[in-house]
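**Student:** Please find the sequence and the predicted model below.
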Amino acid sequence: MRTALVLILVGASLGCGSGATRWIGEAWRAHAEADALERSGDLERAGDLLQDLVSRPVPAGVAPQDVRAVLQDTYARLADVALKRGKPVDALHSADAGLQLGEARDVFVSSLRAFRGRALEALGRDAEAAREYEAAQAIAEALLSEALVDGGVR
Amino acid sequence: MKPALTALLLLVACASAGPRPAAEESSSDRAIARTEEQKAEELERTLSALSAAEVPPDCPRVCGLVEQICELSQRICAISGRHRDDPDLAARCAAGEQRCRRSRDRVPPACSCQVR
């Protein structure tokens, strides 16, 4: 749901007919297909599909913040799929790859930090996991403040 | 939005301040009073318009974030529970629980978030 919204917003900001728009369209289709595969229980193929998406070159013309949003969202989903498949090392790699794209106080980084924490916890690295959860929580709290202000409540 | 409303309320209050005793009134005072009264009415109308334009809270987003904050707090505390001799983890658990409580307290009355 969130992925679809991200892709629609990014796609709308790009206009039509460009390589950038095609890339967004492909990302949207990959996520939709991964949704269906996950629902049918085929986590392996869902993961392969998302992995293929992050491995493709990003065409010129996509704004850096949009590239980060789409790829970080996809890496978070890859981490989630890996955790569901009982592969915490893969989940950790995906979360790390996503975080290497840049830090920000937004939902993408918060999500990556939370999945990184879950991967670390599954690997028995509890203290590190707690720190990641705390970092994710701090971002979520900042986002809550923003949501309350945006919504007219302070 | 709230500071603007507060400022307007203050202006309305100042503009509607009571008249001086009749003996002190002159025609110029009455003219000033009329102007002030008009200003007060105008400000009250603006205040009503601003109040009506207040954006309602995005409850699904607010509730989702509160749920996320509290779930993360539970995860931190679960780890702390497995390492009872670790004061650092205990402190992180306490801080996390505080964040969860604080977030729940901030949910506007218009949103009825499901507490898990």
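**Tutor:** Arrived safely. Because the structure is a prediction, the values reported are computed rather than measured. Numbers count the residues shown, from 1 in each chain, chains lettered A, B, ... in the order given.
**Student:** in stretch B:76-90, what's buried?
**Tutor:** By neighbour count on 16 or more other C-beta atoms under 10 Å in any protein chain shown, the buried set for stretch B:76-90 is B:76-77, B:79-80, B:86, B:89. For the C-beta atoms, the positions are set from N, CA and C on the backbone; glycine is no exception.
**Student:** Tell me where the chain has helices.
**Tutor:** I went with chain A, as the question did not name one. Along chain A, the segments classed as helices by DSSP state H run A:2-14, A:19-39, A:43-55, A:64-84, A:88-99, A:107-122, A:126-150.
**Student:** Wait, chain B was what I had in mind.
**Tutor:** Counting by DSSP H, the segments of chain B that form helices are B:2-15, B:27-52, B:59-82, B:87-106.
**Student:** and those, which one's lowest on average pLDDT?
**Tutor:** Among the helices of chain B, helix B:2-15 has the lowest mean pLDDT, at a mean of 40.
**Student:** hmm, back to that, so of the helices of chain A, which one's packed in deepest?
**Tutor:** Of all these, helix A:107-122 has the most neighbours on average by mean count of other C-beta atoms under 10 Å in any protein chain shown, namely a mean of 24.
**Student:** Tell me if that one is near chain B.
**Tutor:** Yes - residues of helix A:107-122 contacting chain B under C-beta under 8 Å from any C-beta of the partner chain: A:110, A:114, A:117-118, A:121.
**Student:** For that helix, report the contacting residues that lie outside it.
**Tutor:** A:2, A:68-69, A:72-73, A:75-76, A:79-80, A:82-83, A:88-89, A:91-92, A:94-96, A:98-99, A:103, A:126, A:128-133, A:135-136, A:139-140, A:143, B:68, B:72, B:75, B:79 (C-beta atoms under 8 Å, 6 or more residues apart in numbering or on different chains).
**Student:** quick revisit: now render the helices of chain A as a markdown table, adding mean pLDDT.
**Tutor:** What follows is the helices of chain A, written out as a markdown table (pLDDT from 0 to 100):
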| stretch | mean pLDDT |
| --- | --- |
| helix A:2-14 | 60 |
| helix A:19-39 | 93 |
| helix A:43-55 | 97 |
| helix A:64-84 | 96 |
| helix A:88-99 | 98 |
| helix A:107-122 | 98 |
| helix A:126-150 | 95 |
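**Student:** tell me which parts of chain B are close to chain A?
**Tutor:** Going by C-beta under 8 Å from any C-beta, the residues of chain B near chain A are B:1-2, B:54-58, B:61-62, B:65-66, B:68-69, B:72-73, B:75-76, B:79-80, B:82-83, B:86, B:88-89, B:92, B:95-96, B:99, B:102-103, B:106, B:108.
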